[in-house]
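Engineer: Next comes the sequence, and after it the predicted model I'd like to discuss.
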Amino acid sequence: MIFKIAFIFALFFRLTVAIAAPPLIAVDVGHGGKDGGATSARGRPEFAFNREFAGVLAGVLRERGDTVREVNFAGDIGSLIARPEAAAGSDFFISIHHDSIGESWLKPWVWEGAGQTYTEVKRGYGLFVSAQNPDLGTSLRCASSMGAMLRRAGFEPSTWHGRKHLAADAENGVWYYDNLVVLYRTTLPAVLFEAGVIKHRDEELELLDPERQARMADAVATGIAACLFVTGKSVRE
């Protein structure tokens, strides 16, 4: 009898493993060839920062056994609507960006002979969700989970977003940005991640540090994994 029960359990376990699949995470690189996004304090386009960190994150996710769908890594998807469409069928959508600040808060300086602008008043990461997303519950849980893991890893959220956005989870750096196309024109839970402020001269250099990138990507990947495991999004038939 004991052997029969053990055999049934083993068979059930094998069937469960057989139908389980690793989560499929769509990683979107914000902006692109025709729209480089913001410009850093040293004149580097945001798209370059976005693609670099998205590549690090994709690598970390794959190392953990997740499946990654790369969206706009070549920078050739001009339409905002086309980005979530390219992610259709995934379990989760994350759009990678880097932040700037309004013109009135910028100061002039010269870097390598060229005039640039910078800020000293804003730095830190931000996570954004849309109340119009069809799966707001999962989007919020994942954003908060990522924020909690980022804070645990020593990263600080920016409080600056409270000037323009309603807080969804301010402690963990999560804000509502309802009209973002990539967040609401989708069938997936979705989060937009601002990794830091590239107009801040010190933070710009920090964001370029490979060790820091790896640590931040690990925190983001851990947050996504924890959220999808709890919500059951990590098992697809």
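Structural biologist: Received the coordinates, thanks. Residues are numbered from 1 along each chain as shown.
Engineer: Using the three-state scheme, assign the residue nearest to Arg69 when sequence neighbours are not counted.
Structural biologist: Setting aside the residues directly before and after it, Arg69 is nearest to Ala26 in space (CB to CB, 6 or more residues apart in numbering), at 4.4 Å. (Each C-beta comes from the backbone N, C-alpha and C, glycine too.) Using DSSP: H, G, I helix; E, B strand; the rest coil, the structure places Ala26 in strand.
Engineer: Offset the numbering so it begins at 898, please.
Structural biologist: In the new count, where the first residue is 898, that last one comes out as Ala923.
Engineer: I'd like the distance between Ala923 and His1058.
Structural biologist: 24 Å (CB to CB, to the nearest Å).
Engineer: got it, and Leu1089?
Structural biologist: The value you get for Leu1089 to His1058, if CB to CB is used, is 11 Å.
Engineer: Next: Glu982.
Structural biologist: As judged by CB to CB, Glu982 and His1058 stand 27 Å apart.
Engineer: next one: Lys1019
Structural biologist: 9 Å.
Engineer: now do Glu1100
Structural biologist: 15 Å.
Engineer: for Gly1023, same thing?
Structural biologist: 5 Å.
Engineer: shared neighbours, the two?
Structural biologist: 1070, 1072 (CB atoms under 8 Å, 6 or more residues apart in numbering).
Engineer: the helices in this structure, which residues?
Structural biologist: 899-916, 943-960, 979-983, 1033-1049, 1078-1081, 1098-1104, 1107-1128 (DSSP state H).
Engineer: Give the residue spans of the chain that score low on pLDDT.
Structural biologist: 898-917, 1130-1134 (pLDDT under 70).
Engineer: ok, now with 90
Structural biologist: In the predicted model of the chain, residues 898-918, 929-933, 975-976, 1126-1134 satisfy pLDDT under 90.
Engineer: quick one on the thing from earlier: I'd like to know which of the helices of the chain is closest to Ala971.
Structural biologist: Comparing the helices of the chain against Ala971 with CB to CB, the closest turns out to be helix 943-960 (8.9 Å).
Engineer: Please identify the buried residues of that closest one?
Structural biologist: When neighbours are counted by 16 or more other CB atoms under 10 Å, the buried residues of helix 943-960 are found to be 943-955, 957-958.
Engineer: relative orientation of that helix and helix 1107-1128 in degrees?
Structural biologist: 60 degrees (axes from the mean of the first three to the mean of the last three CA atoms, to 10 degrees).
Engineer: Can you report how many residues lie near the residue nearest to Glu949 when sequence neighbours are not counted?
Structural biologist: Spatially, and ignoring its direct neighbours in sequence, Glu949 is nearest to Gln1110 (7.3 Å; CB to CB, 6+ apart). Residues lying near Gln1110 (other CB atoms under 10 Å) number 20.
Engineer: ok, now Glu982?
Structural biologist: 14.
Engineer: residues in contact with it?
Structural biologist: Counting by CB under 8 Å, 6+ apart, Glu982 has contacts Thr1083.
Engineer: how does it look with 10 Å?
Structural biologist: 968, 974, 976, 1082-1084 (CB atoms under 10 Å, 6 or more residues apart in numbering).
Engineer: Find residues that contact each of Leu1089 and His1058.
Structural biologist: 1023-1025, 1072, 1074.
Engineer: Show me what counts as buried in stretch 962-982.
Structural biologist: Under 16+ other CB under 10 Å, the buried positions of stretch 962-982 are 963, 965-966, 968-970, 972, 974, 980-981.
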